[in-house]
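Engineer: After the sequence you'll find the predicted model.
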Amino acid sequence: MMTSKEVRLADYLQESRVLCDIAAGSKDEALDQLVGALHRELDGFDRAKALMAVRERERQAPTVLAAGLALPHARLSDLSQPALALATSRAGVDFEAVGEEPVHVIVLILTPKDDPGAYLRLMASLSKTLAEPHMIKRLTVATSAREAYGVLTEGPEKVEVRLNAASVMNSNPVTLDESDTLATAIQALCANRIMDIPIVDSDGDLRGVIAIEDLLGQSLPRHLLWMEDLSPIENFEPFAELLRKDSETKVADFMRDKYIAITPDVPAIQLAKIFLMEGTRQIQVTEGNRFLGVVDLDSFSSQIFWA
């Protein structure tokens, strides 16, 4: 059964925690101001540890989710309730995300360490609210904390949030086409440090999946796997043979046409069961044949346990 909960942003964000057009020369300065805004009002959490946790999360992976928007976050063991702080910057703050423009709207999310549902619901609610047309621009040009607060909390008093596959999936993963070559697949897998890539056709339909093991399988024929000692093949000769043909071999020749696919409305908790029962690293999210995104085991686990 689908579970949902109404989220009211005004329950977690106060006008006093809105910093309008901040002067911050770096991401670290902006984060310091936001953590400080929450620490001035909330008791029970260590400011230095909170700032360190947020910075470490950003160091691992910048939380720039859309043009001009960042949602830095951390989970704290000494925090009793979720809290938000908002900062805007007309000049923009460099969040050091590759290929991204400066960030103009920053929403800091702090949640208790033992409440993963709160973090996921706030992320889903903020993503939905801030995806509305012109929201980032309206917040950026706001001239006061009251105005910015009103922009973010206007509209429906509560937003219904369903924690389903759509809430946790990556809607813009690396994909390949059936006509792409093995050389392209190798580059995509290795350069992006990923282990699975969906194969999507020009109509946006999911055709198959390629995994890093498939490259190994193409290199080592089954008869070699029966050999107990492979030490005579000390120069990786089968791999060399595969690489000699990497520009001729098509992805379609060795992609998997069997994969695990779910619809976007499957409850997020159900994904944990699928990962465990099926022993897979990646779940495809589709509507009919149309490809919508993926849920990777490492990303899903991070959102639950670390974020």
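Structural biologist: Arrived safely, thanks for sending.
Engineer: dump the residue contacts of the residue nearest to the spatial centre of the chain.
Structural biologist: In the chain, the centroid-proximal residue (CA atoms, centre = their mean) is N170; its distance is 5.7 Å. Listed by CB atoms under 8 Å, 6 or more residues apart in numbering, the contact set of N170 reads G293, V294, V295, D296, S299. Any C-beta I mention is one placed from the backbone N, CA and C, and that applies to glycine too.
Engineer: Let's see that with 7 Å instead.
Structural biologist: G293, V294, D296, S299 (CB atoms under 7 Å, 6 or more residues apart in numbering).
Engineer: quick one: which of the residues you listed has the most company?
Structural biologist: V294 (28 neighbours; other CB atoms under 10 Å).
Engineer: tell me the SS of that one?
Structural biologist: Counting by DSSP: H, G, I helix; E, B strand; the rest coil, the backbone at V294 sits in strand.
Engineer: the strands in the stretch 101-250 of the chain, which residues?
Structural biologist: 103-112, 159-162, 196-200, 206-211 (DSSP state E, counting those that start in this stretch).
Engineer: Can I get those strands in JSON lines including mean pLDDT?
Structural biologist: Formatted as JSON lines, the strands of the stretch 101-250 of the chain follow (pLDDT from 0 to 100):
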{"stretch": "strand 103-112", "mean pLDDT": "94"}
{"stretch": "strand 159-162", "mean pLDDT": "69"}
{"stretch": "strand 196-200", "mean pLDDT": "97"}
{"stretch": "strand 206-211", "mean pLDDT": "96"}
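Engineer: Any regions of this structure where pLDDT drops low?
Structural biologist: 1-4, 97-99, 155-160, 221-227, 230, 232, 234-237, 307 (pLDDT under 70).
Engineer: Would you mind giving the domain segments of it?
Structural biologist: Domains of the chain are assigned by automatic domain parsing as 4-162, 182-305.
Engineer: Please identify the buried residues of stretch 118-127?
Structural biologist: Residues A118, Y119, L120, R121, L122, M123, A124, S125, L126 are the ones in stretch 118-127 that count as buried (16 or more other CB atoms under 10 Å).
Engineer: what's T63 sitting at in phi/psi?
Structural biologist: phi -100, psi 40 (degrees, to the nearest 10).
Engineer: So that it lines up with my notes, have the first residue be 10 from now on.
Structural biologist: Sounds good: first residue 10 from here, last item T72.
Engineer: Go through the contacts of N179 and say which is closest to D55.
Structural biologist: Among these, S308 lies closest to D55 (CB to CB), at 28.1 Å.
Engineer: The residue nearest to that closest one when sequence neighbours are not counted pairs with what?
Structural biologist: Of all residues not flanking S308 in the chain, N179 sits nearest, at 6.5 Å (CB to CB, 6 or more residues apart in numbering). N179 forms beta bridges with V303, as assigned by DSSP bridges.
Engineer: what residues are up against the residue nearest to K36 when sequence neighbours are not counted?
Structural biologist: Spatial nearest neighbour of K36, chain neighbours left out: F104 (5.0 Å); criterion: CB to CB, 6+ apart. Residues in contact with F104, defined by CB under 7 Å, 6+ apart, are K36, P71, V73, A79, V112.
Engineer: and if we set it to 10 Å?
Structural biologist: Counting by CB atoms under 10 Å, 6 or more residues apart in numbering, F104 touches 35-36, 39-40, 67, 71-73, 78-79, 81, 110-112, 115.
Engineer: Please apply the same query to S256.
Structural biologist: T190, L191, A192, T193.
Engineer: and if you look at D37?
Structural biologist: Going by CB under 10 Å, 6+ apart, D37 touches L60, V63, R64, E67, V102, E105.
Engineer: Buried only: go through those residues for me.
Structural biologist: Buried members of those, counted by 16+ other CB under 10 Å: L60, V63, R64, E67, V102.
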